[in-house]
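Asks: Take a look and give me a structure for this.
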Amino acid sequence: MPDNVARTYPGWVQRKAVTLCKRDQKRGGSGNVQQYRLAIHEAVVASGGLDHWTGEQLDWHLIGTYDNREAAEGKGEHKKQYALLPTIDHHSNRPEPNFVICAWRTNDAKHDMTPEELVAFCRRVVAHADTLNAPADDD
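Replies: Numbers count the residues shown, from 1 in each chain. I've put the predicted structure just below:
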């Protein structure tokens, strides 16, 4: 891990653990911040630096740099700059510390879908794209 990322990483994990733990407790979860920190770190290590859903290389230099005010001003173009920002995704819809790491773009698209729903949705998108790009039948 590059030095600047190594300096940013502990604070990023802590902030994410606190936020996710509070949110999950409101949804009936019972985990504590330490469990969330450990689960997030384990998910990061397991990721090997890649998006869990797409296999894309994540841009770890972006952690801790996202600014909501800049995003509001920059709209879609700003969003594109952060497409490969590592984010923490619940691996299930249960309020527990069970995570995978994926790009912000992927997490935004997945939203509240279960892993099975995401895969089924992606298959429908690809199948539809294939029909749009299929050669016309000359008969």
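Asks: which ones are touching Trp104?
Replies: Going by C-beta atoms under 8 Å, 6 or more residues apart in numbering, Trp104 touches Tyr66, Tyr82, Ala83, Leu84, Leu85, Pro86, Thr87. Using the backbone N, CA and C atoms, a C-beta is placed for each residue, glycine as well.
Asks: Please apply the same query to Gly64.
Replies: Applying C-beta under 8 Å, 6+ apart, the residues near Gly64 are Thr8, Gly11, Trp12.
Asks: Give me the phi and psi angles of Ile101.
Replies: In terms of degrees, to the nearest 10, the main-chain angles of Ile101 are phi -110, psi 130.
Asks: count of residues packed around the closest residue to it other than its chain neighbours?
Replies: Of all residues not flanking Ile101 in the chain, Ser47 sits nearest, at 4.0 Å (C-beta to C-beta, 6 or more residues apart in numbering). Burial of Ser47 is recorded as 16 neighbouring residues (other C-beta atoms under 10 Å).
Asks: same question, Arg37
Replies: Neighbour tally, Arg37, other C-beta under 10 Å: 19.
Asks: So it lies in a strand, does it not?
Replies: No. Read with DSSP: H, G, I helix; E, B strand; the rest coil, Arg37 is helix and lies in no strand.
Asks: Mind pulling up the pLDDT for it?
Replies: Note on Arg37: pLDDT of 97.
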